[in-house]
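In: here is a sequence together with a model predicted from it:
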Amino acid sequence: MDLQNVPQEGNKTLGGHKKAVYARDAGGHIVAVASRGWEVEEIVTSQALEQLQALTEAARQKVLSGLSSPLEYWMYARRMDLPLLAQTTGIWRWRIRRHFRPKIFARLSPGVLARYAEALGLTIKEMQRLP
């Protein structure tokens with residue numbers, strides 16, 4: 001994209017901030033340019049956030065009904081998915097899915113709980129219950 005074509009339409013999801021976008025200047029060099037975003041980006045970001053909110057609420061209902069552990073809720077509430085949580089904690093996906101079971105989650109060692117808590121930016125006590 002050329003320097004003069006960098007979108008400046010605005011994007012509510014950026015909260016008034018600008019972000020760096022790379023563009024080609026008149027000399028053909030790639031430079032970082034401040035952009036206020038564009039409408040298409042705002043639509044896609046809003047849809048992704050709506051989907052995460054729906055997953056978070058579904059996980060909350062599963063926890064309240066005893067079908068899942070608070071770990072699943074917090075994963076979505078912190079805008080993560082299973083692959084990202086696995087990568088952040090260093091715990092295999094199949095083990096995390098297993099830890100979604102309330103009985104298994106209740107027996108996790110303090111070390112494993114600490115890894116999850118650190119990745120989610122919570123204390124262990126916060127992570128073990130719904131807000």
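Out: Great, that's in hand. The structure displayed is predicted, hence computed values, not measured ones. Numbers count the residues shown, from 1 in each chain.
In: and H29, how many neighbours?
Out: When counting by other C-beta atoms under 10 Å, one arrives at 9 neighbours for H29. Just so you know, the C-beta spots here come from the backbone N, C-alpha and C atoms, and that holds for glycine as well.
In: what's the pLDDT at it?
Out: What the model reports for H29 is a pLDDT of 90.
In: same check, this time on E9
Out: 79.
In: was I right about it contacting W38?
Out: Yes: between E9 and W38 there is a contact at 4.5 Å, judged by C-beta atoms under 8 Å.
In: so the residue nearest the centre of the chain: helix, strand or coil?
Out: Relative to the mean C-alpha position of the chain, the nearest C-alpha, by C-alpha atoms, centre = their mean, is the one of R79, at 2.3 Å. Secondary structure, DSSP: H, G, I helix; E, B strand; the rest coil: R79 is coil.
In: and the helices in this protein?
Out: Along the chain, counting by DSSP state H, helices occupy 39-64, 70-77, 82-89, 93-99, 102-106, 110-120, 124-127.
In: I'd like those as CSV, with mean neighbour count appended.
Out: Converted to CSV, the helices of the chain look like this (neighbours: other C-beta atoms under 10 Å):
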stretch, mean neighbour count
helix 39-64, 14
helix 70-77, 23
helix 82-89, 16
helix 93-99, 14
helix 102-106, 14
helix 110-120, 16
helix 124-127, 14
